[in-house]
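Peer 1: Generate a structure from the sequence data that follows.
(chains A and B)
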There are 2 protein chains.
Amino acid sequence: MAQQERAFRTRRTILTAAAEVFDELGYEAATMSEILGRSGVTKGALYFHFPSKEQLAKEVLQENVQVVPAVPPQRLKLQEAVDRGLLLAYLMVRDPVLRGGVRLALEQAGHGKVDRSVPFLAWSQESRRMFEQAKLAGELQPHIDPGELADVFVGAFAGVQLMSQALTGRADLDERVAALYRVLMAGVAVPSVLVQLDVAVDRGARVNEAVEQQRHGKGQSPPERTARLVEHG
Amino acid sequence: MAQQERAFRTRRTILTAAAEVFDELGYEAATMSEILGRSGVTKGALYFHFPSKEQLAKEVLQENVQVVPAVPPQRLKLQEAVDRGLLLAYLMVRDPVLRGGVRLALEQAGHGKVDRSVPFLAWSQESRRMFEQAKLAGELQPHIDPGELADVFVGAFAGVQLMSQALTGRADLDERVAALYRVLMAGVAVPSVLVQLDVAVDRGARVNEAVEQQRHGKGQSPPERTARLVEHG
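Peer 2: You can find the predicted model right below:
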């Protein structure tokens, strides 16, 4: 393995361990020694790649959006927007790296060390682009502002998943997110588009399956799934 | 002042100080000594009323819903539901006690000491009752489930306020919550009701004014406002 590749893998191992620790303990309670123990790398390697907990948190936050893979293109742009959110809900339950970033973004920092706006803005900008395309395609009601809708879309998702986490440990996350999207879409889609949207509870699982098949079709073997998910989104 | 009343006031002073500290530092970083210093009561009094930080957090969480006063009755039940949320947004920016409870509810506890489900459930049950009445009055579209809508309503609010807090320190909270409600209501209200709903950005301020006038009409003087707000909701 080339030195560069080894360094990349070590970095990845540390980031994954850090995200897990942030997910479980939050930023304040997380420690470098806990992350060190979890990652299994040497202390020298940890501090070579990431001089501080703050630096680790920044990286985890920045990667957060890239962790969720692109969804397969759909005839309706609103379906793609819904698919992206339902896939995120599906993967969050299963991927501690994703949860770590989300927890960092949603926690009110005690001392404002970490800029929590990054994932909000990234998700919002991505959603905005989708809604702008949906509007151009005539899928949205004429009075809907794509930017405002994107912020509602992202903010509401964040809260619904927090509520699911507080009430059921995210056991009902797919149901709650589907319920959210059914209401949101009914408020913004034109009727002829609304009736075509698939916002079923199992839609996230089906989108994930389609993403997997896309990947395998490109010649990757199943065991690489998680690594690819994390590395390239 | 009777002994009982004095004890009640001391308790109230401590709870207010604790909520402020939870708002600023979060549960993990908050300490009894910080709360003691902030409250100005004696150490003996603090521990007599609240033996632990955990106990304080539980009380702050439990009071969270009662802190927001009832909104004036409206002809449309959906208007009352919207008013309640917009008033909450308006008061949150101004009331650290309210923010302290919200922060506790939204923080993922590191060790699960505090039951964060209390405010979510209380808000959700209250919203559900309003939506059930709205449904009976024919204000909601027939396929809408009041309980599911209540959960969406509460969860989405929580996330939108977190996003506002992360991006602008809640400077745009009123706009974001109004935008959320416009989309949500468009998705669930029957058209004839939807056009009558007031979901303007300044609605929260106007509802607050109406609540104040109701109070003063009952013979209370303005300086008591904050205390009453906290004591009796």
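Peer 1: Specify the beta-bridge partners of A:L140.
Peer 2: Following DSSP bridges, A:L140 is listed with bridge partners A:A189.
Peer 1: In contact with the closest residue to chain B within chain A, which residues?
Peer 2: Residue of chain A nearest chain B, by CB to the nearest CB: A:G159 (2.3 Å). (Glycine included, C-beta is placed from N, CA and C.) With contact set as CB atoms under 8 Å, 6 or more residues apart in numbering or on different chains, A:G159 has these partners: B:155-162.
Peer 1: what pLDDT does it get?
Peer 2: The per-residue pLDDT reported for A:G159 equals 94.
Peer 1: what's the spacing between it and B:P69?
Peer 2: Distance of A:G159 to B:P69, computed by CB to CB, to the nearest Å: 23 Å.
Peer 1: Output stretch A:51-71 as PDB - backbone C-alpha positions only.
Peer 2: The C-alpha coordinates for stretch A:51-71 follow below in PDB (Å, rounded to 0.1, in the frame of the first residue of the first chain):
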ATOM      1  CA  PRO A  51      -4.100  18.300  16.400                       C
ATOM      2  CA  SER A  52      -7.300  18.800  18.400                       C
ATOM      3  CA  LYS A  53     -10.800  17.700  19.200                       C
ATOM      4  CA  GLU A  54     -12.000  20.900  17.600                       C
ATOM      5  CA  GLN A  55     -10.300  20.000  14.300                       C
ATOM      6  CA  LEU A  56     -11.900  16.500  14.400                       C
ATOM      7  CA  ALA A  57     -15.300  18.000  14.900                       C
ATOM      8  CA  LYS A  58     -14.900  20.400  12.000                       C
ATOM      9  CA  GLU A  59     -13.900  17.500   9.700                       C
ATOM     10  CA  VAL A  60     -16.800  15.300  10.800                       C
ATOM     11  CA  LEU A  61     -19.200  18.200  10.200                       C
ATOM     12  CA  GLN A  62     -17.800  18.900   6.800                       C
ATOM     13  CA  GLU A  63     -18.000  15.300   5.700                       C
ATOM     14  CA  ASN A  64     -21.600  15.000   6.900                       C
ATOM     15  CA  VAL A  65     -23.300  15.900   3.800                       C
ATOM     16  CA  GLN A  66     -21.000  13.900   1.500                       C
ATOM     17  CA  VAL A  67     -21.700  10.800   3.500                       C
ATOM     18  CA  VAL A  68     -25.200  10.400   2.000                       C
ATOM     19  CA  PRO A  69     -24.900   9.100  -1.600                       C
ATOM     20  CA  ALA A  70     -26.700  10.700  -4.500                       C
ATOM     21  CA  VAL A  71     -30.100   9.200  -5.200                       C
END
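Peer 1: Tell me how far it lies from the chain's centre.
Peer 2: 10 Å (CA atoms, centre = their mean, to the nearest Å).
Peer 1: Same check on stretch A:185-192?
Peer 2: With CA atoms, centre = their mean, you get 25 Å for stretch A:185-192.
Peer 1: Between the two ends of that stretch, how far is it?
Peer 2: 12 Å (CA to CA, to the nearest Å).
Peer 1: What's the biggest helix in chain A, counting residues?
Peer 2: helix A:3-29 (DSSP state H).
Peer 1: per-residue confidence averaged over it?
Peer 2: 89.
Peer 1: picking up where we left off before, now the residue of chain A closest to chain B: closest residue in space, sequence neighbours ignored.
Peer 2: B:G159 (2.3 Å; CB to CB, 6 or more residues apart in numbering or on different chains).
Peer 1: Check A:M185 too.
Peer 2: A:L197 is the one closest to A:M185 (CB to CB, 6+ apart), at 5.6 Å.
Peer 1: OK, contacts around the one you found?
Peer 2: A:76, A:78-79, A:82, A:185, A:189.
Peer 1: for A:A17, same thing?
Peer 2: A:35, A:38-40.
Peer 1: Tell me the buried residues within those.
Peer 2: A:35, A:38-39 (16 or more other CB atoms under 10 Å in any protein chain shown).
Peer 1: Can I get the residues you listed in a markdown table including secondary structure?
Peer 2: Below are these laid out as a markdown table (DSSP: H, G, I helix; E, B strand; the rest coil):
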| residue | secondary structure |
| --- | --- |
| A:I35 | helix |
| A:R38 | helix |
| A:S39 | helix |
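Peer 1: Tabulate those residues in JSON lines, adding columns for pLDDT and distance to A:Q125.
Peer 2: Below are the buried ones among the contacts of A:A17 laid out as JSON lines (pLDDT from 0 to 100; distance: CB to CB, whole Å):
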{"residue": "A:I35", "pLDDT": "95", "distance to A:Q125": "30"}
{"residue": "A:R38", "pLDDT": "95", "distance to A:Q125": "32"}
{"residue": "A:S39", "pLDDT": "94", "distance to A:Q125": "31"}
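Peer 1: between those, which is nearest A:Y90?
Peer 2: For these, the residue nearest A:Y90 by CB to CB is A:R38; the value is 24.8 Å.
Peer 1: what about the closest one, distance to B:S127?
Peer 2: Taken as CB to CB, the span from A:R38 to B:S127 is 40 Å.
Peer 1: From A:A29, how far out is A:G37?
Peer 2: Applying CB to CB to A:G37 and A:A29 gives a distance of 15 Å.
Peer 1: of those two, who's got more company?
Peer 2: Remark: of A:G37 and A:A29, A:A29 carries more neighbours, 15 against 11, as counted by other CB atoms under 10 Å in any protein chain shown.
Peer 1: That one against B:E28, yeah?
Peer 2: Yes - using CB atoms under 8 Å, A:A29 makes contact with B:E28 at a distance of 5.5 Å.
Peer 1: And for the nearest residue to A:A205 once chain neighbours are set aside, the neighbour number?
Peer 2: Leaving aside its chain neighbours, A:A205 sits nearest to A:Y90 (5.8 Å; criterion: CB to CB, 6+ apart). For A:Y90, the count of nearby residues is 23 (other CB under 10 Å).
Peer 1: Which strand or helix spans A:Y90?
Peer 2: Under the criterion of DSSP states H and E, A:Y90 resides in helix A:77-94.
Peer 1: Now do the very next helix or strand once past that helix and helix A:3-29, the angle between them.
Peer 2: Downstream of helix A:77-94, the first helix or strand assigned by DSSP H and E is helix A:96-106. Helix A:96-106 and helix A:3-29 meet at an angle of 50 degrees, taking axes from the mean of the first three to the mean of the last three CA atoms, to 10 degrees as the criterion.
Peer 1: thinking again about what came up before, show me the contacts of A:G159 that map onto strands.
Peer 2: Of these, none are assigned to strands by DSSP state E.
Peer 1: From those, which land in helices?
Peer 2: Using DSSP H, the contacts of A:G159 in helices are B:155-162.
Peer 1: of these, buried ones?
Peer 2: Looks like those have B:155-162 buried, using 16+ other CB under 10 Å.
Peer 1: Using a markdown table, lay out those residues together with distance to A:R103.
Peer 2: Formatted as a markdown table, those follow (distance: CB to CB, whole Å):
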| residue | distance to A:R103 |
| --- | --- |
| B:G155 | 16 |
| B:A156 | 19 |
| B:F157 | 20 |
| B:A158 | 15 |
| B:G159 | 14 |
| B:V160 | 18 |
| B:Q161 | 17 |
| B:L162 | 12 |
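Peer 1: Now flag whichever of those is closest to chain A.
Peer 2: B:G159 (2.3 Å).
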